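Trainee: Could you work out the structure for the sequence below:
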Amino acid sequence: MAIDRTASTYASTAPAEASFGFADFLRVLDERRSLIRNIALGVSALTLLVLLCLPTLYSSSAVVMLDQRKNNVADLSSVLSALPTDAPSVQNQIQLLSSRDLAERVIGKLKLYDDPEFNPALNKNDTPGIGDFVRLLDPANWSAPRQAGGADYERDAIVSAFLSRLDVSALGLSTSITLTFTSRDPAKAALIANTLADTYTEDQVATKVAAARVATQWLTDRMHQLAKQVQAGEGAIAEYKAAHNLVDSAQGNSLVDQQLVAINALLVAAQSDLAEKKATYDRVQALVRSGNAADVSEIVSSPLVIQLRTQEGYLVRQEADLSSRYGPNHPKMIAIRTQKRDLDSKVSQEATRIADSIASDLAVARAHVDSIAASLAREEKQAAGDDLARVKLNALEANLASTRTMYESFVTRLRATQDQDDIQNPESRIISRAPIPPTPSSPHRVLFFVASLPVGLMLGVLAALLAERFQAPLPRYDLRTLVERKAPATTRAAPELPPVMGELPATSDMRAADFVVDNPGAPYSQALAALLSRMTPGRSGRGRVVALTAPGADAGKSVIALGLARVAAGRGLRTVLLDGDFNRPVIALAAGFRSVPAGIAELLGGSAPLSHTLLRDPRSGAFLLSAARPTGAARALWTSPKMAELLNYFRQNCDLVIIDAAPALADMPFLARLCDQVVLIAQGQAPQAVLDAAMRSLVACGAPQTGLVVTR
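Mentor: Residues are numbered from 1 along each chain as shown. Got it, this is the predicted structure:
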């Protein structure tokens, strides 16, 4: 008799912690389609109802660009510096555009306080009295300072309603700012956006004009103060000069100083003349004392002396002429000598007179120098007094000069400010005015309604999964309660089947073990992971030896063994896979090894160490131990004492040892005493007789804990 189960029957027999696969997901969708449909329809209906209740709104946008260009008609600096266009400054302008003060100006300009869209008080059924809102509706009072009272609270509510419909944002990385206003009326939305942009630019001009006017008034007051200070300073200087008899020339220099300079020049000239005459006098006196007065240049150059010398020369010529004819005692000779003596006497007298004249000139020059020196002393004394008086005068003049300089600069700045008052331009301009929007901006009824359909389906699926998760669990059954037996009454009772540990697809393709590594989230990989978690864990500090066997050769036992080893290694478990089918080893070949240099037989025989026989799985890192070549000495290998030592060594140093035993339970009598658990892998359509024979063999050999894995 065959084991014939359906997927739903196995779900009743599987443990509670079995994985939830895609087939189970489809089953839940099919079983709870009514719940999913009802939730999806309810969400769509609720969305449609909300969309119909929402008001239709229109949005219009104006674009304002911060302009760095300035008016250079007057080549002077402005009262306010140019508006910067860096990112923080743009954000500051955004805050200004969305400020309550600017909003109040727009509301007052357009009288939006009379609009029920912004003034909720006008939507009430009871009409307010005219005196209740006179202060609120008055444009003059609208811009007045706030005071305590109900009208101020209503005004704040109107401004808040206005700002809730306004969106101000920077346009990309540029210096442009977008003003978007939303209203129920498209024309009103465009009008408010444009009015807000105009008010913003007008506010910039008004701010600059106000600043210029304040600066002008301050400059005017300051200029008047400085003018008074200049006048007072000039009067103080004039009074001080008159009190101290300080007189300056046309060039602004002191007359005393000029006189000192002139006297100094005269004194130097007089002293030079005195020195010259003193030198001449000394020379003349020296020549006179030596009897050579006639050698004095002043005497030689005298006209009288020249005349006398001329007459003397004439007498000398006559004397020479007469001496050739007459003797020395001749009366003519005596007369000539007498005339010569007279001439010498006259020359001496002239020399004496000239020397006396030089002495007189020297005395006059000395007296002149003394007179000039006395005048210089008097002027210096007066100059010393003037210098003391001019110390304070200089301070007064310096103070007056600085005050006059400030006064002139303030006059220049005042004229420039007055010139700029009439040519102020805003530092931003509207580059795109808000148009009247042809279509509403919100709500997007079609988009929201279409989006509600998948959202409703997702919520329905979520509700179905939650209902499936929290429903009452199904009862667990033993496999034998689901196996229909039709054996004759005389047949010996079949042994009790072990508990089902899992259900896997039936495949003998060894590439399925690679699929476990490449697709860890696939249902087959998840089923192997669930099977690994259901294996009884070993004691603390010891590994677990699990043998996989099958009643036939087509149950996919080797594929499952290699897949379990790779899943265990992927979880970080130190895993060893022992290929126990010594007559037909396939594990090493499936892992990608073309040949095995030394295997289990060489290891147990002592011809090869463990380090040369253990292979490392390149896909997972698990250790593989296989036979180098097919051998018929399986019994000798399993009963060898070194086999028991090897498995004990693995228990001490590994977490999990999986033995891929030979099929048909051929080696189970020798293997049962070496392992900690035996897992029987049977096909779902296997004959009942084969399954019963396998169970009897396991019971007869005293196998430890057993479990059943069904393949389909």
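
Trainee: I'd like the next helix or strand past the host helix or strand of Ala530.
Mentor: With elements delineated by DSSP states H and E, Ala530 resides in helix 523-534, which encompasses its position. For helix 523-534, the following helix or strand on the C-terminal side (DSSP H and E) is strand 544-549.

Trainee: and the angle for that following strand with helix 523-534?
Mentor: Orientation note: strand 544-549 sits at an angle of 130 degrees relative to helix 523-534 (axes from the mean of the first three to the mean of the last three C-alpha atoms, to 10 degrees).

Trainee: looking only at pLDDT, what's the mean for the next helix or strand after strand 544-549?
Mentor: Where DSSP H and E defines the elements, the next helix or strand beyond strand 544-549 is helix 557-570. Summarised as a single mean, pLDDT over helix 557-570 is 88.

Trainee: returning to that earlier point: list the helices and strands the helix holding Ala530 packs on?
Mentor: Under the contact criterion of 3 or more C-beta pairs under 8 Å, 6 or more residues apart in numbering; DSSP states H and E, helix 523-534 touches strand 500-504, helix 512-518, helix 557-570. All C-beta spots, glycine's among them, are computed from the backbone N, C-alpha and C.

Trainee: The same query, at a cut-off of 6 Å, please.
Mentor: Applying 3 or more C-beta pairs under 6 Å, 6 or more residues apart in numbering; DSSP states H and E, one finds that helix 523-534 makes contact with strand 500-504, helix 557-570.

Trainee: Quick one: list the elements packing against the last one.
Mentor: Yep, that's helix 557-570 we're talking about. helix 512-518, helix 523-534, strand 575-579, strand 656-660.

Trainee: As CSV, those with distance to Arg445 would be great.
Mentor: Conversion of the helices and strands packed on helix 557-570 to CSV gives the following (distance: least, C-beta to C-beta, whole Å):
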stretch, distance to Arg445
helix 512-518, 47
helix 523-534, 42
strand 575-579, 60
strand 656-660, 61
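
Trainee: If you count neighbours, what's buried in the helix holding Ala530?
Mentor: Neighbour-count burial for helix 523-534 flags 523-532, 534 (criterion: 16 or more other C-beta atoms under 10 Å).

Trainee: wait, Thr631 sits on Phe582?
Mentor: Yes. The pair formed by Thr631 and Phe582 meets the contact definition of C-beta atoms under 6 Å, at 5.1 Å.

Trainee: neighbour-wise, which of those two wins?
Mentor: Summary of the neighbour comparison: Thr631 and Phe582, criterion other C-beta atoms under 10 Å, with Phe582 having more neighbours (23 against 15).

Trainee: That one and Gly502: what is the separation?
Mentor: Counting by C-beta to C-beta, to the nearest Å, the gap between Phe582 and Gly502 amounts to 27 Å.

Trainee: what do you get for Ala561?
Mentor: When Ala561 is compared with Gly502 (using C-beta to C-beta), they lie 14 Å apart.

Trainee: neighbour-wise, which of those two wins?
Mentor: The residue with more neighbours, out of Ala561 and Gly502 and counting by other C-beta under 10 Å, is Ala561; that gives 28 against 24.

Trainee: Surely that one and Ala547 touch.
Mentor: No. Under the criterion of C-beta under 6 Å, Ala561 makes no contact with Ala547, lying 9.6 Å away.

Trainee: so where does the closest residue to His330 other than its chain neighbours fall, helix or strand?
Mentor: If you skip the residues right next to it in sequence, His330 has Leu322 as its closest partner in space, 7.0 Å away by C-beta to C-beta, 6 or more residues apart in numbering. Following DSSP H and E, the helix or strand that holds Leu322 is helix 303-323.

Trainee: Return the set of buried residues in that helix.
Mentor: Neighbour-count burial for helix 303-323 [16+ other C-beta under 10 Å]: 305, 308, 312, 315, 318-319, 322.

Trainee: and the next element down the chain from it?
Mentor: Sequence order places helix 331-420 as the next helix or strand after helix 303-323, per DSSP H and E.

Trainee: Any regions of the stretch 301-450 of the chain where pLDDT drops low?
Mentor: 301-302, 382, 384-389, 418-425 (pLDDT under 70).

Trainee: CA atoms only: put stretch 332-341 into PDB for me.
Mentor: What follows is the C-alpha trace of stretch 332-341 in PDB, where atoms were taken according to Å, rounded to 0.1, in the frame of the first residue of the first chain:
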ATOM      1  CA  LYS A 332     116.400 173.100  -9.700                       C
ATOM      2  CA  MET A 333     117.500 169.800  -8.200                       C
ATOM      3  CA  ILE A 334     116.900 171.000  -4.700                       C
ATOM      4  CA  ALA A 335     113.500 172.300  -5.700                       C
ATOM      5  CA  ILE A 336     112.500 169.000  -7.200                       C
ATOM      6  CA  ARG A 337     113.500 167.100  -4.100                       C
ATOM      7  CA  THR A 338     111.500 169.600  -2.000                       C
ATOM      8  CA  GLN A 339     108.400 169.000  -4.100                       C
ATOM      9  CA  LYS A 340     108.900 165.200  -3.700                       C
ATOM     10  CA  ARG A 341     109.000 165.500   0.100                       C
END
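
Trainee: Quick check: buried residues in that stretch?
Mentor: Of the residues in stretch 332-341, those buried by neighbour count under the rule 16+ other C-beta under 10 Å are 333, 336, 339-340.

Trainee: Next, format those residues as CSV and append distance to Arg651.
Mentor: Shown next, in CSV, are these (distance: C-beta to C-beta, whole Å):
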residue, distance to Arg651
Met333, 180
Ile336, 177
Gln339, 175
Lys340, 172
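
Trainee: Which of the residues you listed lies at the shortest distance from Phe181?
Mentor: Lys340 (139.1 Å; C-beta to C-beta).

Trainee: Quick check, pLDDT for Val168.
Mentor: Looking at Val168, its pLDDT reads 91.

Trainee: Taking their axis directions, the helix holding Ala530 and strand 575-579 sit at what angle?
Mentor: Using the same axes, to 10 degrees: helix 523-534 against strand 575-579 is 100 degrees.

Trainee: Could you list the domains of the chain?
Mentor: With domains defined by automatic domain parsing, the chain comprises 17-54+444-472, 58-206+425-432, 255-394, 481-711.
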